[in-house]
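Student: sequence and predicted structure, then a few things I'm wondering about:
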Amino acid sequence: MRKSKKLSLPIKDLSNTFHKQERLCSKKQMDLLFEKGKSQTAYPIKAVYLETPVDLKHPVQAMFVVPKRQFKRAHDRNKLKRRMREAYRLNKKKAYDTLLLKDKKMILAFIYIGKKAEEYSVIERALIKQLAIII
RNA sequence: AGGGCAAGUUGUUCUAUCGCCCCGAAGUAGAAUAAAUUCACUUCGGGGAGGAAAGUCCGGGCAACACAGGGUAACCUGCCGCUUGAUAAAAGCGGGUACUUUUCCAGGAAUGGAAUCGUAACAGAGAGUGCCACAGAAACCAGGUAGCCCUGCAGCAUUGCGCUACAGGGUGAUAGUGAAAACGUGAGGUAAGAGCUCACGGAUCUUUACAGUAAUGUAAGGAUUGGGUAAACCUCAGGUGUUGAAAGACCAAAUAAGUUGCGGGUUAAGGCGACCCGUCUUCUUCCACGCAAGUGGGAACCGCAACGGGUAGGUCGCGUAGAUAAAUGAUAGAUAGGGUCCCGGUUACGGGAAGAGAAACAAAACCCGGCUUACAGACUUGCUUUACUU
RNA sequence: GGUCCUGUGGCCGAGCGGCUAGGCAGAGCUCUGCAAAAGCUUGUACAGCGGUUCGAAUCCGCUCGGGACCU
């Protein structure tokens, strides 16, 4: 596996942006996440999440993973990651609001576990479901 | 004209909304700082994947380390000329040679010539070694199974020719085989035979002349006349220092100048990143004993190895695409082309309808060139097939 | 990003140019009242495509698949 992105929201924000600060980039944090994080599955996506004490700018840092083993072509991996990222970007607002209220920070990884590339609508549905459960 | 195949060229449109990466400018009662300034945010402007970005099969740039010299090994390449940054190699273009497809011509045959299609890892098997299963007499300094011929001896037969067995010798014409069998045809010759000899033809090597930059070709002369395999070992010639961007430079942070072992002066250790020759380098300090050479001892120091510990963050390298877990997407709509159906028409084509709608292969991670592989549609060329008309 | 190894029946695994060993598994038969065990018999493979060679699993090239290493 190998890709991740992070999302950060400045201050109040409400927009559907997805900046670099919102992506999970630190190798240390990643190792920590996979070692201690909890996971759950909603086909075709598996989510790994962990509350973190680190002082982040945004309530959540997220990364997206598509295993090379299932998808040999870089093109296919990119496409799936983009679809997941897009779904996350458009639906993260509710999660942000909730976490801001609770004053908690979180790191997240979404791993694509399907055997074949699914349509955007399928991915979006699964991702919304994931977010709802996690938060 | 349609379909199919092959090769080459090309290889993707517009609008809206929400977003992504990089650069620049301006702004902010924002954050850090003494300040310069940096960061953040907002607005505006600009730029943002491919012909293969792929496979990583070649080469170059670039970088670090190494480097007196000679030889060996290993690896790569192998007709000639020109071109590109690139002597060699790779690639492109042209040429040569060999083989091959088709057609034609000459010949009794072997074979040769001309045109044309294609192929070639295209130096050497007149240096050596190895291998060539099965079949076959024989598979490589050829052989002797059958056959043919000669001689000797024995037997049979006999007017005579002869026949049979054995022994010795000659022979390579005939012979099933095989991927491959010892130049082809004819004549002479012989006991039978043979390039043994001759004629014509073929092949290999070579000398000279001429043509060509060259590979090579042509002609004449001479010598020779038994295979294959070098993508088997090998020989010859040319080339190759090693490692690669995870190369490498700098900064910051952190930790323990930690532990153990071995070595540190003569037939010692180490370097010359494979090996050898050869050559070069290293020839310390303290303590005790001794006049000295030297001996003994531990420690320091140096080198190597193992164990253990810490950090694994930033800048540069790095690009008017450009990150450092890696940017081009999503949604909605519109068209081009194509597909389906209906009508007219012999086709070509023309008109109309509904619904779908940009869908091939595939996404840069230092850069460049070549090769290979993948690929819808469009265009061009060639081949093939079908239909219609003449 | 770079470097390298590897691919033989359903599975494991020999085979350094000449009909592709062997074991396990499968099928049939023998044996048994039935089965197990045992014995006998039998089917099935060189990843794909080209090239070199008389002949290729083996040598060479390309493609595909599997794996390892370098930070």
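Tutor: Cool, the structure landed.
Student: low-confidence bits of chain A, can you list those?
Tutor: A:1-36, A:43-44, A:52-59, A:68-70, A:72, A:103, A:114-118, A:135 (pLDDT under 70).
Student: quick one: the helices in it?
Tutor: Defined through DSSP state H, the helices belonging to chain A, from first to last, are A:27-36, A:74-102, A:120-134.
Student: for those, give me a markdown table that also has distance to RNA strand B and mean neighbour count.
Tutor: Where you see a C-beta, it was placed from the backbone N, CA and C, and this is true even at glycine. As requested, those are exported to a markdown table (distance: least, CB to the nearest atom of the strand, whole Å; neighbours: other CB atoms under 10 Å):
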| stretch | distance to RNA strand B | mean neighbour count |
| --- | --- | --- |
| helix A:27-36 | 4 | 14 |
| helix A:74-102 | 3 | 17 |
| helix A:120-134 | 4 | 17 |
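Student: adding distance to A:Met63, write these out as a markdown table.
Tutor: Below are these laid out as a markdown table (distance: least, CB to CB, whole Å):
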| stretch | distance to A:Met63 |
| --- | --- |
| helix A:27-36 | 7 |
| helix A:74-102 | 10 |
| helix A:120-134 | 13 |
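Student: excluding its backbone neighbours, what's nearest A:Ile133?
Tutor: On the basis of CB to CB, 6 or more residues apart in numbering, the spatially nearest residue to A:Ile133 that is not a chain neighbour turns out to be A:Gln40, at 6.2 Å.
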